[in-house]
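# structure for this input, please:
(2 chains)
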There are 2 protein chains.
Amino acid sequence: MSNSNDGNAAKASRLTRADILAAALQLLDEVGLPDLSMRRLAAKLDMQPSGLYWHFENKQTLFARISDHIVDHIQPDRANATDWQTRTLNAACALRDSLLAFRDGAEVVSSTLALGLGAGAALDRIRLPLDEAGIAQPEAKVAAESILFLVLGQVWHLQQRMAADSLGVASPMAQANVAEAHAEPKPDALISGVKLILGGLEKEIRA
Amino acid sequence: MSNSNDGNAAKASRLTRADILAAALQLLDEVGLPDLSMRRLAAKLDMQPSGLYWHFENKQTLFARISDHIVDHIQPDRANATDWQTRTLNAACALRDSLLAFRDGAEVVSSTLALGLGAGAALDRIRLPLDEAGIAQPEAKVAAESILFLVLGQVWHLQQRMAADSLGVASPMAQANVAEAHAEPKPDALISGVKLILGGLEKEIRA
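So this is what the prediction gives:
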């Protein structure tokens, strides 16, 4: 008769990393990032937490793979873009839409970037059109990082608002005030912001 | 003999809103935003949580005042700035330094903005030099919001890194990789990013 540890190991070895990642993404959607624990994920998979470490060395490593999955969700459309400005803008919009497609997407990706464990593709894709256009390094890097943090900052804000709305903690009066005085960033506002950065970059490299 | 509710009310009425705010800021520094609860704050003040509601209608209202305090921490230096570009850059740097002066400062302010409950001064101060320079509304608003979200996104990233470092969860190898491939945003990187946005704005209003 096998004990529960053996059962756990057997279960862990039957599951693939892809199974665990899929369950983690589902749990993220159900409970949000603050409540996404290894314990909870293990319970969802009907196994002991120790079984998860069979596949992922630690929680950070699993979160890094979740983050990579989010960033890879929508690839920039390169087909219709001939100039580097449009291609960079497309990469920024693809990142925004990828983050928005997952609950707490901005927070998952930003924290993984901060830990230095993954999600590098987020910056690489924004840099690619600039690098391919031969834009010099200090300028291209500054522009790409600024676009990355603008996207993260804006989507984070939108997702915090969504979380507040779903909890019913945002005051309707305050919402109306904000809508008027400090109008909400709409997804389109990102496009205008990225265009300003690209306009500034254009001006700089021509100077 | 007073019962404990009377004692709580007496204690609550002796404390001012400023006392509670000061204790909340100290607790934020000690435990960070995720662990800053009304229960914990009440315990720090040696009172029942219900006593806090004597002064603040709910947790969100208290957090909005914390957020206002953070945003007001450093005022933009207007003395040496003659042109709107320098004044806007100064406002952005003052906001960055204010956020960095408090643990989880970016998260406190971003969530308050998302709830529509306060921290409007963060955007107003960035908009002021643009408005005073007579820059037309759609352009000024887009530029100010882009700068706001760039500052929030960048400081958030820096503060997530600080939190990870203090918990020892960022892998040293990963840190080295990031430092090389996706170099960390330094506070100075913000200046270059804001300059790009302002350069783009200048180009746009002259077109």
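# thought B:Leu198 was touching A:Lys203, still the case?
No - assessed by Cβ atoms under 8 Å, A:Lys203 is found out of contact with B:Leu198, at 10.0 Å. In this view, the C-beta of every residue, glycine as well, is placed from N, C-alpha and C.
# and the helices in chain A?
Here chain A has its helices, by DSSP state H, at A:4-14, A:17-31, A:38-44, A:49-52, A:59-71, A:84-100, A:105-115, A:120-132, A:137-167, A:172-181, A:187-206.
# any chance of CSV for the ones you listed, columns distance to B:Leu152, mean pLDDT and mean neighbour count?
Listed next are the helices of chain A as CSV, based on distance: least, Cβ to Cβ, whole Å; pLDDT from 0 to 100; neighbours: other Cβ atoms under 10 Å in any protein chain shown:
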stretch, distance to B:Leu152, mean pLDDT, mean neighbour count
helix A:4-14, 40, 66, 13
helix A:17-31, 22, 95, 16
helix A:38-44, 29, 95, 16
helix A:49-52, 33, 90, 19
helix A:59-71, 19, 93, 21
helix A:84-100, 15, 94, 22
helix A:105-115, 11, 92, 26
helix A:120-132, 17, 92, 20
helix A:137-167, 4, 90, 22
helix A:172-181, 15, 45, 13
helix A:187-206, 13, 88, 20
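# for the ones you listed, give me TSV that also has distance to B:Ala24.
Shown next, in TSV, are those (distance: least, Cβ to Cβ, whole Å):
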stretch	distance to B:Ala24
helix A:4-14	43
helix A:17-31	27
helix A:38-44	30
helix A:49-52	34
helix A:59-71	29
helix A:84-100	31
helix A:105-115	23
helix A:120-132	34
helix A:137-167	19
helix A:172-181	20
helix A:187-206	32
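# not counting sequence-adjacent ones, nearest residue to A:Arg161?
Nearest in space to A:Arg161, with sequence neighbours left out and distances taken as Cβ to Cβ, 6 or more residues apart in numbering or on different chains, is B:Ala114 at 4.3 Å.
# relative to B:Pro49, how far out is the one you found?
Remark: distance between B:Ala114 and B:Pro49 (Cβ to Cβ, to the nearest Å) = 24 Å.
# who are the contact partners of A:Leu28?
A:36, A:66, A:102-104, A:108 (Cβ atoms under 8 Å, 6 or more residues apart in numbering or on different chains).
# if I look at it, how far off is A:Asp68?
Distance from A:Leu28 to A:Asp68, by Cβ to Cβ: 14 Å.
# same check on A:Ile191?
From A:Ile191 to A:Asp68 the distance is 25 Å (Cβ to Cβ).
# same deal with A:Val108?
Distance from A:Val108 to A:Asp68, by Cβ to Cβ: 10 Å.
# do A:Arg17 as well
From A:Arg17 to A:Asp68 the distance is 12 Å (Cβ to Cβ).
# grab the nearest non-local neighbour of the residue of chain A found nearest chain B.
Nearest residue of chain A to chain B: A:Gly153, at 2.7 Å (Cβ to the nearest Cβ). Nearest non-adjacent residue to A:Gly153, counting by Cβ to Cβ, 6+ apart: B:Gly153, 2.7 Å away.
# that neighbour against A:Ser146, yeah?
No - using Cβ under 8 Å, B:Gly153 is not in contact with A:Ser146, being 9.1 Å away.
# return the residues in contact with the residue most central in space within chain A.
Nearest to the mean C-alpha position of chain A, by Cα atoms, centre = their mean, lies A:Val109 at 3.7 Å. Counting by Cβ under 8 Å, 6+ apart, A:Val109 makes contact with A:67, A:70-71, A:99, A:119, A:122, A:152.
# got the domain ranges for chain A?
Annotated domains of chain A cover A:4-56, A:70-206 [automatic domain parsing].
# can you put those in CSV and add distance to B:Ala43?
CSV is the format used below for those (distance: least, Cβ to Cβ, whole Å):
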stretch, distance to B:Ala43
domain A:4-56, 22
domain A:70-206, 23
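# show me the one of those that comes nearest B:His55.
domain A:70-206 (17.7 Å; Cβ to Cβ).
# from the chain's centroid, how far away is that closest one?
10 Å (Cα atoms, centre = their mean, to the nearest Å).
# endpoints of that domain, how far apart?
36 Å (Cα to Cα, to the nearest Å).
# would you agree A:Ala42 is in contact with A:Pro49?
Yes - contact criterion Cβ under 8 Å: A:Ala42 and A:Pro49 qualify, at 4.2 Å.
# does A:Arg125 touch A:Pro76 like I think?
Yes - here A:Arg125 reaches A:Pro76: they are 5.9 Å apart, a contact under Cβ under 8 Å.
# who touches both of these two?
A:91, A:94.
# what residue, apart from its backbone neighbours, is nearest A:Leu45 spatially?
A:Ala23 (5.4 Å).
# quick check: the one you found vs A:Gly118, distance?
A:Ala23 is 19 Å from A:Gly118, by Cβ to Cβ.
# tell me the contacts of the nearest residue to A:Ala81 once chain neighbours are set aside?
Ranked by Cβ to Cβ, 6+ apart and with sequence neighbours excluded, the top spatial neighbour of A:Ala81 is A:Arg87, at 4.1 Å. By Cβ under 8 Å, 6+ apart, the contact list for A:Arg87 reads A:76, A:78, A:81, A:128-129.
# how about A:Glu57?
Going by Cβ under 8 Å, 6+ apart, A:Glu57 touches no other residue.
# kindly report the same for A:Val108.
By Cβ under 8 Å, 6+ apart, the neighbours of A:Val108 are A:28, A:33, A:63, A:66-67, A:70, A:102.
# what sits against the nearest residue to it once chain neighbours are set aside?
Spatial nearest neighbour of A:Val108, chain neighbours left out: A:Ser67 (5.2 Å); criterion: Cβ to Cβ, 6+ apart. When contacts are counted by Cβ under 8 Å, 6+ apart, A:Ser67 touches A:108-109, A:111-113, A:117-119.
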